[in-house]
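Chemist: I would like to see how this sequence folds:
(2 chains)
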Amino acid sequence: NAGVTQTPKFQVLKTGQSMTLQCAQDMNHEYMSWYRQDPGMGLRLIHYSVGAGITDQGEVPNGYNVSRSTTEDFPLRLLSAAPSQTSVYFCASSYSKEDGGAFFGQGTRLTVV
Amino acid sequence: GQQVMQIPQYQHVQEGEDFTTYCNSSTTLSNIQWYKQRPGGHPVFLIQLVKSGEVKKQKRLTFQFGEAKKNSSLHITATQTTDVGTYFCAGPGNDMRFGAGTRLTVKP
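Modeler: Next comes the predicted model:
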């Protein structure tokens, strides 16, 4: 099993550019989420999904969009990149909210200049 | 999701010393999860606690869930350099929220 796969691993964007961070899982998990991690800030929830076709906002959703057209994929779109979005982004999936833990991808290190 | 507060933010110990991190919530939690993130790595699930007063052990790691299900702790006995990393607790819910984490460094 590949688990949770994130691409790319590293990315540099110019301010104002848009891009999509990819996340795919092969465990048939219903729950998927995106977090950003900044130094000293821990993991902050951006968006999450409880199943295909269902998404919701987390703590810091501004500047990001998501969609969940399939169970496997949960892409994160940056609409117009800003330096404040420089961070490490993690995608996670889990079978359910009550049963077992979340599996995380390897992360995407994004720098916006 | 339910917010959880975690202390301390940093802990530096000598190898062989014990280490404890605490997680607190203002509301009752249905469960709590613990994760470890090695430097430069991604969070890895360690354990989930569900029952009031539950205590679980994984080798030198002991996890506790408070009687009121509002607090939890992770205790490491006789730390080793392999224990280095940041330990996070996370509250339940579709929108799982993480504590700020405790960063553990171990001096050989």
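Chemist: Let's test this: mean pLDDT of the strand or helix carrying residue A:110, rounded?
Modeler: In the assignment (DSSP states H and E), residue A:110 maps to strand A:108-112. Per-residue pLDDT over strand A:108-112 has a mean of 97.
Chemist: any weak-confidence spans in chain B?
Modeler: The model of chain B has no residue with pLDDT under 70.
Chemist: contacting residues around the residue of it found nearest chain A?
Modeler: Proximity of chain B to chain A (C-beta to the nearest C-beta) peaks at residue B:45, 2.9 Å away. For the C-beta atoms, the positions are set from N, CA and C on the backbone; glycine is no exception. Residues near residue B:45 by C-beta atoms under 8 Å, 6 or more residues apart in numbering or on different chains: A:100-103, B:33-35.
Chemist: Does the residue in chain A that chain B sits nearest to fall in a helix, a strand, or a coil region?
Modeler: Residue nearest to chain B within chain A: residue A:101 (2.9 Å; C-beta to the nearest C-beta). Residue A:101 falls in the coil class when you classify it by DSSP: H, G, I helix; E, B strand; the rest coil.
Chemist: Run a quick neighbour tally on the nearest residue to residue A:79 once chain neighbours are set aside.
Modeler: Leaving aside its chain neighbours, residue A:79 sits nearest to residue A:18 (5.6 Å; criterion: C-beta to C-beta, 6 or more residues apart in numbering or on different chains). Neighbours of residue A:18 under the rule other C-beta atoms under 10 Å in any protein chain shown: 11.
Chemist: can you check the one 5 residues further on too?
Modeler: Counted by other C-beta under 10 Å, the residues lying close to residue A:23 total 25.
Chemist: Show me what it bridges to in the sheet.
Modeler: Judged by DSSP bridges, the bridge partners of residue A:23 are residue A:6.
Chemist: Hmm, residue A:74 and it touching each other?
Modeler: Yes - here residue A:23 reaches residue A:74: they are 4.8 Å apart, a contact under C-beta atoms under 8 Å.
Chemist: picking up where we left off before, name the helix or strand for the residue of chain B closest to chain A, please.
Modeler: Going by DSSP H and E, residue B:45 is part of strand B:44-49.
Chemist: Can you give the distance from that strand to the centre of its chain?
Modeler: The chain centre lies 9 Å from the centre of strand B:44-49; the measure is C-alpha atoms, centre = their mean, to the nearest Å.
Chemist: From the contact counts, what lies against the next helix or strand after it?
Modeler: Along the chain past strand B:44-49, the next helix or strand (assigned with DSSP H and E) turns out to be strand B:55-58. Counting by 3 or more C-beta pairs under 8 Å, 6 or more residues apart in numbering or on different chains; DSSP states H and E, the packing neighbours recorded for strand B:55-58 are strand B:44-49, strand B:61-65.
Chemist: out of these, which comes closest to residue A:5?
Modeler: strand B:44-49 (15.9 Å; C-beta to C-beta).
Chemist: The closest one vs strand B:61-65, what angle?
Modeler: If you take axes from the mean of the first three to the mean of the last three C-alpha atoms, to 10 degrees, strand B:44-49 sits at 40 degrees to strand B:61-65.
Chemist: strand partners of strand B:44-49, parallel vs antiparallel please.
Modeler: strand B:32-37 (antiparallel).
Chemist: Just the mean pLDDT for the strand ranked longest in chain A, thanks.
Modeler: Taking DSSP state E as the criterion, chain A has its longest strand at strand A:42-51. Strand A:42-51 shows a mean pLDDT of 93.
Chemist: picking that back up, ranking the helices and strands packed on strand B:55-58 by mean neighbour count, which comes first?
Modeler: With neighbours defined as mean count of other C-beta atoms under 10 Å in any protein chain shown, these peak in mean count at strand B:61-65, which reaches a mean of 19.
Chemist: Thanks again, I'm all set now.
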